[in-house]
Each structure stands twice: as C-alpha cells, then as structure tokens.
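>>> fold the following, please.
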Amino acid sequence: MCTISRMTGSPSSAQRLRDLARLRRVRDRIDREYAQPLDVEALARGAHMSAGHLSREFRAAYGESPYSYLMTRRIERAMTLLRRGDLSVTEVCFAVGSSSLGTFSTRFTELVGMPPSAYRRLAADATEGMPACVAKQVTRPVRNQEAPGARTALA
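Below is the predicted model:
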C-alpha cells in the first residue's frame, strides 16, 4: 500500500528519526575523532549519504555545517592545550588535527576573539587555580558567530 508521504516525497517520521540517528552518529564521530584527518566526504560515506545531503541535513539539525562543527571541536581542544602552556601554537595546531597553521589561526581568532599566541599568554594567568572543568566552561568558544568584543579579555 502506498502512503501519502511516499507519494508526496516528504519523509515519514520513522525515516526522519533514522536520519537524525545517522546525524547523531556523525556528530559523535567528530567528537571522538576530531584530531584525525576528517572531511565531509569521509563523514558522508560513513553515514551512507552524499556529502551535499549530509551538509544540508547536519546544518538543519545542528545549526552549522559538519566542517564548522569539526573546527569548533578542534578549537575547544586547542584552547585546553594552550592553557596548559607546555606546547607551542604550532604543536597544538597539529595535535588537534589541523594541517594548516594559517587556517587554524584564522578560525581560532574568529571563534575566540584573539590569535592563539595571545590566548596562550593570557589564558594561563586567567584560569590559574581554577578547576579544569570550570575553566573549560568559562573559556568555551562562541559558535555560529564571531566572538563578541567582551570575550576578548579573559580576565
């Protein structure tokens, strides 16, 4: 028997739930493997979708593209490593899976509001004595927009 949703092309609620589960698996993979070389095509293959379809559906579900989500994860981890202070910006860049220091620095500056080198200098003092779980919340980058001016000063 043919249902109305099949005839109109709109997905059934069961299909929508299956799609959301696949998107959640993609997001979980990004969270786990952020330091690995990931690209939208590889993520799409793993979810049995085309890259374009994955990008559209991911943006609809989470408000940003898979690449943007991946870069945000990488920047969050980079912030933690930079606060620790024992690695250079270049070492941090490669440790979080970025292959280009320029792209990493540009994205870091967009999300955090300052270049990674400046963040490294300021963050150690600003979070000194603060538990790591609190420091992570306080210094979390802003998503889907550039960092507001007020976020540029950590203290």
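>>> R120 sits in which helix or strand?
Following DSSP states H and E, the helix or strand that holds R120 is helix 116-126.
>>> can you give me the buried ones in that helix?
In terms of neighbour count (16 or more other CB atoms under 10 Å), helix 116-126 has its buried residues at P116, A118, Y119, R120, L122, A123. C-beta: built from backbone N, CA, C; applies to glycine.
>>> which pair of those spans the longest distance?
Using CB to CB, the pair of the buried residues of helix 116-126 lying farthest apart is P116 and L122, separated by 10.9 Å.
>>> which residue ranges form the helices in the protein?
Along the chain, the segments classed as helices by DSSP state H run 4-8, 13-33, 40-46, 51-62, 66-84, 89-95, 101-112, 116-126, 132-138.
>>> JSON lines for these, including mean pLDDT?
Output for the helices of the chain, formatted as JSON lines (pLDDT from 0 to 100):
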{"stretch": "helix 4-8", "mean pLDDT": "47"}
{"stretch": "helix 13-33", "mean pLDDT": "92"}
{"stretch": "helix 40-46", "mean pLDDT": "93"}
{"stretch": "helix 51-62", "mean pLDDT": "94"}
{"stretch": "helix 66-84", "mean pLDDT": "93"}
{"stretch": "helix 89-95", "mean pLDDT": "96"}
{"stretch": "helix 101-112", "mean pLDDT": "94"}
{"stretch": "helix 116-126", "mean pLDDT": "85"}
{"stretch": "helix 132-138", "mean pLDDT": "71"}
